[in-house]
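Q: need the 3D shape of this:
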Amino acid sequence: MLKIHFQNKGITINIPEGMSILEAAMQHQIPIYHTCGGNCSCSTCRVVVLKGAKNLSPIESSEAQVLDAFDLKPPCRLGCQAILLKGEVIVEIPQRSKAPRPNKTPPLPS
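A: Coordinates of the predicted model:
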């Protein structure tokens, strides 16, 4: 089993080889946006790779185009495209990439 450590969540998970960071996060109920459904077109699933980038799949042209369109540079990767191939990786989910938690609607003023 391979490992992904979500640094800012304090969570380490074991995953099988060939799973994307987004798939792993979803499988373990770690909130992360993926507006386009993991189809490499929106950048909301981006993560910052803090360690172990060499253990991830290479950046393909489609991911490079999306990263460039949103002016994102390494160590940013799209969670839907970054597949863990070996070892482990340490990532951080940027604040604006975290899925919102449900909250109560504030009461209306009287």
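Q: point out the other helices and strands that the lengthiest helix in the chain packs with.
A: Longest helix of the chain, by residue count under DSSP state H: helix 61-69. Applying 3 or more Cβ pairs under 8 Å, 6 or more residues apart in numbering; DSSP states H and E, we find helix 61-69 packed against strand 76-78. From N, CA and C alone the C-beta is placed, and that goes for glycine too.
Q: Validate this expectation: residue 49 resides in a strand.
A: Yes. With DSSP: H, G, I helix; E, B strand; the rest coil as the criterion, residue 49 is part of a strand.
Q: tell me what it is bridged to.
A: Assessed by DSSP bridges, residue 49 has beta-bridge partners residue 91.
Q: how near is it to residue 37?
A: 22 Å (Cβ to Cβ, to the nearest Å).
Q: who has more neighbours out of the two?
A: Per other Cβ atoms under 10 Å, whichever of residue 49 and residue 37 has more neighbours is residue 49, with 19 against 11.
Q: tell me the contacts of that one?
A: By Cβ atoms under 8 Å, 6 or more residues apart in numbering, the contact list for residue 49 reads 56, 74-77, 82, 89-91.
Q: going through those, which one is the model least confident about?
A: pLDDT across these is lowest for residue 74, at 93.
Q: tally up the residues packed near that residue, please.
A: Residues lying near residue 74 (other Cβ under 10 Å) number 10.
Q: SS state for it?
A: Secondary structure, three-state DSSP: residue 74 is coil.
Q: that one contacts residue 56, doesn't it?
A: No. Between residue 74 and residue 56 there is no contact, the gap being 10.9 Å when judged by Cβ atoms under 8 Å.
Q: so how far is the worst-scoring helix or strand of the chain on mean pLDDT from its chain's centroid?
A: Ranked by mean pLDDT, DSSP states H and E, the helix or strand of the chain with the weakest confidence is helix 61-69, at a mean of 95. For helix 61-69, the separation from the chain centroid amounts to 15 Å (computed by Cα atoms, centre = their mean, to the nearest Å).
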